[in-house]
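**Q** Would you be able to build a 3D model of this:
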Amino acid sequence: MKQMKYILVSLLAAITLTACDRDGDTITTSGAQPVELSGSGDVVINKDYASGLALTLNWTDNSRLTTNNERVQTPIGTTVNTLQFANTNSFDAPIEILTEAGTTSMQFTAESLNSLVGRVGLESDIASTLYIRMRSVLANNVEPQYSNVYQIQVTPYSIDMTLGFVLDAGRNDTGNTLASPNSDGIYSGFLGVGGWYNWWLQEGNGVLWGNIGDDGGGKPFVISSNDQHWNFWYPGQSGCYYTIVNTVRQEWSALYIPSLTVSGDITGEMIYDRKANKWTLAYQASQAGSATIQIAGTGKQYNSSTGTDDAAAIDTPVAFGIENGALTFGQTPSNITVNVPSAGEVTLSIDLSNPKEWKCKVTEGSDTPTEIPQILYILGNDDTWNFDQYLTLYDEDNLCYAAAVNFNCSWGYYFSQAKDDWTHVNQDPSTSEWKLIIGGTDDNNIQAPGKGLYVTIASLGWMSYWYGMADPITQVSYTGFNDDWSLTDMTAVEGQPGVYTAQVTATGDTPWGAQILLNGSWDYWFGTCSDGSLRWTKKNDGNPVGWEAGKTYTLTVDLCKCTYSITE
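**A** Numbers count the residues shown, from 1 in each chain. Next up is the predicted model:
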């Protein structure tokens, strides 16, 4: 659309310049013409017929421009028409909808109109005036023209705006919510997420919020509800985040909480269960009765000023307390009194799954989350069976493991979930698809893809396996150090499959981490993480540990062990 406007302006300029060769022949255009706007009338929106038609707007056609010379024709559909909606006739802060070129009408269902007038600010369950007009413009340097102001009475139905719904990257409901107790467009709560988790927030009125659609990618934590927005994304650390989405200020923030310490009558370090969104501490109680405790820690605050850069994140004290009988969250701890039901094995827990009501209590028995193994052993890939080779966890939600594996096997291979556990995890014999079964036999071992170094992936969540790329690894390169994204080849270390080295000189920061590319393709890579590990298609922002400008390092990567190091 913008390109068409520029073409038109250029065309008109060319016409004018050509015509000026002869005095009196200057050709001019009428410019964008205001439309006459009308509609189907007042509306009482019925929520029981959400998909039914509620409002139709019509306007006259202003797509054809005229000139003072009938022999000169101008392009059709160059005028940009934008509908504006407001709760006052001054249109100080209108909600705008761009219409398609050449159209002269637009229809709204009950659901879409109710969402629209909610954004405009009309009060629910009473009739209020909705002001509508059309803004027409030919080019950025031409004054817009406005239609008549069309007024109708609209009675919206009430919507629960106390909850915001967390959607996944595909805009599917996750079942998680953030709370806005005052229905003021500010939503907050705790979410348990994986590193770089992508998500959206949908308000009760249907408005979808995501990150502002900035092609430069330089505005994380700045939000937008426009059609051109992206999804939100968390920093690279997995775990518990206190999340605030402020639709009024159009920004959001994520306070990462890596640990919580309990002091007082109960002491210890709590463990976070990401899927249950719960912190727990199992301990031996000496007696039943009340106990007074404090719960505190130090978090990392990410916001629009820090972005997702771990080094820029702000150290922030975090603590829980009690106020008017309700569990609270802030920076200063206060006493929390809990009832210990019995002596013996009990569990202190903080349940954060309901953003409207957090709970702290002690229950009988052990309720600690099952620790997810960080590695999955692979046996037989090179005819050895000694638990010294493995895949590394890179997707906790789906229990996906990956690593480069050196294959040269005679009898196939299988996976094992624990060291010295000979229970096979291998090909499901009931299907020809690449599916896994626990408790298989040597008869259904997985056949190797060939000889050489292959990226091998297994998911215990989906119970399947596959290879990250069809061909073996023949070339390894690094990119991203010093924020330089050109490729530098690495050298294979003889006798150590999967190990490669290269020299790299630190000339500046590495703000976005680095990637280890395979076979020269941006589709196949391991990313550097802050703990010295490599993760398949994952990375952390920030410099490697020990990175210092002016020094030259030997970069060593082990694609089989999924580690990297830099040494002077």
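**Q** and residue 183, what does it touch?
**A** Contacts of residue 183 were listed using Cβ atoms under 8 Å, 6 or more residues apart in numbering, and they are 161-162. Any C-beta I mention is one placed from the backbone N, CA and C, and that applies to glycine too.
**Q** now the residue nearest the centre of the chain, nearest residue through space, not along the chain?
**A** Nearest to the geometric centre of the chain sits residue 198, at 2.0 Å (Cα atoms, centre = their mean). Nearest residue to residue 198 in three dimensions, chain neighbours excluded: residue 169, at 3.9 Å (Cβ to Cβ, 6 or more residues apart in numbering).
**Q** Can you name the residues that contact the residue nearest to the centre of the chain?
**A** Residue 198 sits next to 168-169, 231-233 when contact means Cβ under 8 Å, 6+ apart.
**Q** Most neighbours among those, which one?
**A** residue 232 (23 neighbours; other Cβ atoms under 10 Å).
**Q** pretty sure it contacts residue 212?
**A** No. Residue 232 lies out of contact with residue 212 (Cβ atoms under 8 Å); the separation is 10.4 Å.
**Q** who touches both of those two?
**A** With Cβ under 8 Å, 6+ apart as the test, residue 232 and residue 212 both reach residue 223.
**Q** Surely residue 547 forms part of a helix?
**A** No. Counting by DSSP: H, G, I helix; E, B strand; the rest coil, residue 547 is not part of a helix but coil.
**Q** what's the burial count for it?
**A** Using other Cβ under 10 Å, residue 547 has 17 other residues around it.
**Q** cool, residue 468 as well?
**A** Applying other Cβ under 10 Å, we find 19 residues neighbouring residue 468.
**Q** If we ignore the residues flanking it in sequence, what's nearest it?
**A** Nearest residue to residue 468, sequence neighbours excluded (Cβ to Cβ, 6+ apart): residue 455, at 3.2 Å.
**Q** buried stuff in the helix or strand encompassing residue 347?
**A** Using DSSP states H and E, residue 347 sits in strand 344-351. Under the neighbour-count criterion of 16 or more other Cβ atoms under 10 Å, strand 344-351 has 346-351 buried.
**Q** bridging residues for residue 322?
**A** Under DSSP bridges, the beta-bridge partners of residue 322 are residue 327.
**Q** so residue 162 touches residue 179, yeah?
**A** Yes. With contacts counted by Cβ under 8 Å, residue 162 reaches residue 179, the gap being 6.4 Å.
**Q** Need the overlap of contacts for the two.
**A** Joint contacts of residue 162 and residue 179 (Cβ under 8 Å, 6+ apart) are residue 356.
**Q** need the next SSE after the helix or strand where residue 174 lies, C-terminal direction.
**A** In the assignment (DSSP H and E), residue 174 maps to strand 173-179. Next along the chain after strand 173-179, taking DSSP H and E as the criterion, comes strand 186-193.
**Q** Next SSE downstream of that following strand?
**A** strand 198-203.
**Q** I'd like the distance between residue 444 and residue 565.
**A** Residue 444 sits 38 Å away from residue 565, going by Cβ to Cβ, to the nearest Å.
**Q** re earlier: may I see the buried residues of strand 344-351 organised as a markdown table, with pLDDT added?
**A** Putting the buried residues of strand 344-351 into a markdown table (pLDDT from 0 to 100) gives the following:
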| residue | pLDDT |
| --- | --- |
| 346 | 96 |
| 347 | 96 |
| 348 | 97 |
| 349 | 96 |
| 350 | 97 |
| 351 | 97 |
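**Q** can you put those in JSON lines and add distance to residue 253?
**A** Below are the buried residues of strand 344-351 laid out as JSON lines (distance: Cβ to Cβ, whole Å):
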{"residue": "346", "distance to residue 253": "35"}
{"residue": "347", "distance to residue 253": "31"}
{"residue": "348", "distance to residue 253": "28"}
{"residue": "349", "distance to residue 253": "26"}
{"residue": "350", "distance to residue 253": "21"}
{"residue": "351", "distance to residue 253": "23"}
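**Q** Now for these: which two are most distant?
**A** Farthest pair in the buried residues of strand 344-351 (Cβ to Cβ) is 346 and 351. Separation: 15.3 Å.
**Q** residues in contact with residue 289?
**A** Residue 289 touches 339-340, counting by Cβ under 8 Å, 6+ apart.
**Q** Next one: it, what pLDDT does it get?
**A** For residue 289, the pLDDT comes out at 96.
**Q** What of residue 197?
**A** 86.
**Q** wait, it sits on residue 233?
**A** Yes. When contacts are counted by Cβ under 8 Å, residue 197 is listed as touching residue 233 (6.9 Å).
**Q** Let me know how buried residue 177 is, in neighbour terms.
**A** Other residues within reach of residue 177, judged by other Cβ under 10 Å, total 21.
**Q** Residue 259 too?
**A** Number of residues near residue 259 (other Cβ under 10 Å) recorded here: 15.
**Q** excluding its backbone neighbours, what's nearest residue 222?
**A** Leaving aside its sequence neighbours, residue 222 sits nearest to residue 212 (Cβ to Cβ, 6+ apart; 4.7 Å).
**Q** The one you found: what's it in contact with?
**A** Neighbour list for residue 212: 219, 222-224, 226, 229-230, 250 [criterion: Cβ under 8 Å, 6+ apart].
**Q** Setting aside sequence neighbours, what's the nearest residue to residue 456?
**A** residue 405 (4.3 Å).
**Q** Tell me which helix or strand the one you found sits in.
**A** Counting by DSSP H and E, residue 405 is found in strand 400-407.
**Q** Who are the packing partners of that strand?
**A** Strand 400-407 sits against strand 375-379, strand 390-395, strand 452-459, strand 534-536, with contacts defined as 3 or more Cβ pairs under 8 Å, 6 or more residues apart in numbering; DSSP states H and E.
**Q** Only the buried residues of whichever helix or strand comes after the third one, if you could.
**A** So that's strand 452-459. Once strand 452-459 ends, the next helix or strand along the chain (criterion: DSSP H and E) is strand 464-467. Counting neighbours by 16+ other Cβ under 10 Å, one finds that the buried residues in strand 464-467 are 464-465, 467.
**Q** Make CSV from those residues and add distance to residue 358 to it.
**A** Shown next, in CSV, are the buried residues of strand 464-467 (distance: Cβ to Cβ, whole Å):
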residue, distance to residue 358
464, 37
465, 40
467, 44
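**Q** okay, the residues you listed in CSV with pLDDT next?
**A** Putting the buried residues of strand 464-467 into CSV (pLDDT from 0 to 100) gives the following:
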residue, pLDDT
464, 97
465, 97
467, 97
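**Q** quick one: which of the residues you listed is nearest residue 321?
**A** Distances from residue 321 to the buried residues of strand 464-467, taken by Cβ to Cβ, are shortest for residue 464, at 45.8 Å.
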